[in-house]
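Q: My questions are about this predicted structure, shown below with the sequence.
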Amino acid sequence: MNLVLVRRGAASVWVFDGDLGRYADRLLAAARKAKAQKRGAWGACRARLDPSGAFETRAKTSPATTGSQGTSCMAGYSPCLPITGDLSCAEVEAMGKAPVRVTGDDPYRLDEEGDGYGCE
């Protein structure tokens, strides 16, 4: 039943106390696939795949701004970050935009220390 829920995007994977357990590989693969296919919560919400914590989701609607090249930017970040379901620091770094100044809400949860900078 757990695997079915994860495949549908109705649940995610949570590893308790670092113990992966016998089905972790299958569950994580199903969660990654559901996220990539935007199934369930992955498509309806902004959600982060983080097996070390609870499955947190947020509404997709967020105010947007327009970047200097006419692109849509997620409000609250400088430089401009694209509007997407979720964004990790690895993805921000791959875009060459790290570190990021967090100027408002932090919907991507990039500012772990709460110091106004993410992906530092």
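A: The structure has been received and is ready for your questions.
Q: For this structure, which segments are assigned as strands?
A: Using DSSP state E, the strands of the chain run over 45-47, 57-59, 64-66, 72-74, 77-78, 100-102, 117-118.
Q: Turn these into TSV, including mean neighbour count, distance to Ala11 and mean pLDDT.
A: The way it works is simple: take the backbone N, C-alpha and C, and place the C-beta from them, glycine included. TSV is the format used below for the strands of the chain (neighbours: other CB atoms under 10 Å; distance: least, CB to CB, whole Å; pLDDT from 0 to 100):
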stretch	mean neighbour count	distance to Ala11	mean pLDDT
strand 45-47	20	11	76
strand 57-59	13	11	67
strand 64-66	12	29	49
strand 72-74	17	26	82
strand 77-78	19	29	88
strand 100-102	20	29	91
strand 117-118	19	27	91
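Q: I'd like those as a markdown table, with distance to Asp17 appended.
A: As requested, these are arranged in a markdown table below (distance: least, CB to CB, whole Å):
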| stretch | distance to Asp17 |
| --- | --- |
| strand 45-47 | 22 |
| strand 57-59 | 23 |
| strand 64-66 | 39 |
| strand 72-74 | 34 |
| strand 77-78 | 33 |
| strand 100-102 | 30 |
| strand 117-118 | 27 |
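Q: Now do the same for the residue lying farthest from the centre of the chain: its pLDDT.
A: Residue farthest from the centre of the chain, counting by CA atoms, centre = their mean, is Arg22 at 25.5 Å. Residue-level confidence at Arg22 comes out at 83, pLDDT.
Q: Could you check how far it is from Arg48?
A: 25 Å (CB to CB, to the nearest Å).
Q: any idea which helix or strand of this structure has the worst average confidence?
A: strand 64-66 (a mean of 49; mean pLDDT, DSSP states H and E).
Q: residues in contact with Leu81?
A: Applying CB atoms under 8 Å, 6 or more residues apart in numbering to Leu81 gives the contacts 73-74, 87, 92, 95, 97, 100, 108.
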